[in-house]
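Visitor: next one to model:
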Amino acid sequence: MDLDRALTISAAGMAAQSTRLRVVAENLANRDSTGQSPGADPYRRRTVTFTNRMDQALGAPTVQASRIGTAAGEFPERYDPQHPAADQRGYVKTPNVDSLIEVMDMREAQRSYGANLSVVETTRGMLMRTIEALRG
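Guide: Numbering: from 1, shown residues only. Down below sits the predicted model:
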């Protein structure tokens, strides 16, 4: 049934965006996490990679979060000679998490999740109207 396919495809999209929201929340929660010892690396931003997967039972492609990786790049440094993770020069490596980018990712994931939720709600409404029509 096509309505079942719509529900399954939308549910897969919601699951993928839920993973993305979890990773964004983790990044924001650790944006101030530094290393524990002098010169140690701090928290490194995580990223989500999506992939299309052919669902053989449905005969339709669905999206899924295929990998959670880390973002490459240098760590910004801040001068704080009193910090336990400060190097010989007095600089502390800080996470490569940019709050603005994380908030933008969060908003995009929320919109995508909301769009998939709207499809689920609309499909559910169609199923309910069909059942009521068959009863009456």
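Visitor: what's the pLDDT at A6?
Guide: Here the pLDDT value assigned to A6 is 89.
Visitor: name the element it belongs to?
Guide: Here A6 sits within helix 2-29, counting by DSSP states H and E.
Visitor: could I get the full set of strands for the chain?
Guide: For the chain, strands defined by DSSP state E occupy the ranges 46-55, 60-70, 77-79, 91-93.
Visitor: and the longest helix belonging to the chain, which residues are buried?
Guide: Longest helix in the chain, counting residues (DSSP state H): helix 99-135. Using 16 or more other Cβ atoms under 10 Å as the test for burial, helix 99-135 gives E102, D105, M106, A109, S112, Y113, N116, V119, V120, T123. C-beta coordinates here come from the backbone N, C-alpha and C atoms, glycine included.
Visitor: adding distance to S37, write those out as TSV.
Guide: Output for the buried residues of helix 99-135, formatted as TSV (distance: Cβ to Cβ, whole Å):
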residue	distance to S37
E102	26
D105	31
M106	32
A109	34
S112	40
Y113	39
N116	44
V119	49
V120	48
T123	54
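Visitor: pLDDT below threshold where in the chain?
Guide: Within the chain, the stretches with pLDDT under 70 are 1.
Visitor: so what's the most centrally placed residue in the chain up against?
Guide: For the chain, R20 is the residue whose C-alpha lies nearest the centre (Cα atoms, centre = their mean; 0.9 Å). R20 makes contacts with V48, A65, D105, A109, as judged by Cβ atoms under 8 Å, 6 or more residues apart in numbering.
Visitor: list just the nearest of these to D2.
Guide: Of all those, A65 has the smallest distance to D2: 25.4 Å, by Cβ to Cβ.
Visitor: rewinding a little: okay, the angle between the helix holding A6 and strand 60-70?
Guide: Orientation of helix 2-29 against strand 60-70 (axes from the mean of the first three to the mean of the last three Cα atoms, to 10 degrees) gives an angle of 10 degrees.
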